[in-house]
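sharing a model that was predicted from the sequence below.
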Amino acid sequence: MDDSDDPVMALLATQRAVLAAVENLAGQVEAMQAKVDAMGETLAQFVAGSAGASGGGVDRVITLGDRFRAATAEEAARDPELRAAQGNYIVAQAIAKGLNKGDPDGAARDAERVREWIADQLDRGRVFEPGKVRSGENGTVAVVEPIHEEMFPGRVRAQRPDRER
């Protein structure tokens, strides 16, 4: 008698085939779950980034820093709550250009870093005084104040009238 004619052997062979198919499916499900998890993480990052950029998001409060990040220079200058921060940003841009003479990319990187610093400070509740410029024999220049020492740590020093020269 051939094993293929034995109903018990046929049943065992069928069970082995079904078990192999189930194991194969389980492997496929695990692979698909890993892809879904990765896509979920990517989507969560995208949604969080979009919420930060657009100010939208479920149960998310739009902060003053978010508004500063999203505003154009003109919008920030017109907004009473952002005007002083924008003034300080304009002064910081001038300082960044001075620190990075001949390196516009470096100036742009510094300016972007300072913009984010200002937005973060706004989120922490900091209130900015208006940025100051001074007209002199060399034209209009930014006045470096203690806040700019914070923006450019170790790179600029505030001009304090009480310091001896």
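Looks like it arrived, so ask away.

quick one: buried residues of the helix or strand of the chain with the lowest mean pLDDT?
Least confident helix or strand, the chain: strand 139-142 with a mean of 72, by mean pLDDT, DSSP states H and E. Using 16 or more other C-beta atoms under 10 Å as the test for burial, strand 139-142 gives Val141, Ala142. The C-beta positions use only the backbone N, C-alpha and C, and glycine is treated the same way.

quick one, strands of the chain?
Taking DSSP state E, the strands of the chain run over residues 133-136, 139-142.

could you dump those strands into CSV with distance to Val127 added?
Output for the strands of the chain, formatted as CSV (distance: least, C-beta to C-beta, whole Å):
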stretch, distance to Val127
strand 133-136, 20
strand 139-142, 20
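
to Asp6, which of these lies closest?
For the strands of the chain, the distance to Asp6 is smallest for strand 139-142, at 94.2 Å, taking C-beta to C-beta.

need the residues that contact the closest one.
With contacts defined as C-beta atoms under 8 Å, 6 or more residues apart in numbering, strand 139-142 is touched by Val91, Ala94, Ile95, Gly98, Gly131, Lys132, Val133, Arg134, Ser135, His148.

cool, stretch 144-163 as well?
Around stretch 144-163, the neighbours that count as contacts under C-beta under 8 Å, 6+ apart are 88, 91-92, 95-96, 99, 110, 114, 117-118, 128-129, 132, 142-143.

which one of these is nearest Arg69?
Of these, the one sitting nearest to Arg69 (C-beta to C-beta) turns out to be Ile118, at 9.2 Å.

next one: the nearest residue to the closest one once chain neighbours are set aside from Ala21, what distance?
Excluding the flanking residues, the one nearest Ile118 by C-beta to C-beta, 6 or more residues apart in numbering is Ala85, at 5.2 Å. Ala85 is 64 Å from Ala21, where distance means C-beta to C-beta, to the nearest Å.

picking that back up, quick one: which of the strands of the chain is nearest Gln45?
strand 139-142 (36.9 Å).

the closest one pairs with which strands, and in what direction?
strand 133-136 (antiparallel) (DSSP bridges).

what's around Leu64, how many residues?
By the criterion of other C-beta atoms under 10 Å, Leu64 has 18 neighbours.

so for Leu43, which of the strands of the chain sits nearest?
Closest approach to Leu43 among the strands of the chain is made by strand 139-142 (42.9 Å; C-beta to C-beta).

more neighbours: which of Ala85 and Ala21?
Neighbour totals were compared for Ala85 and Ala21, and Ala85 leads with 26 against 10 (other C-beta under 10 Å).
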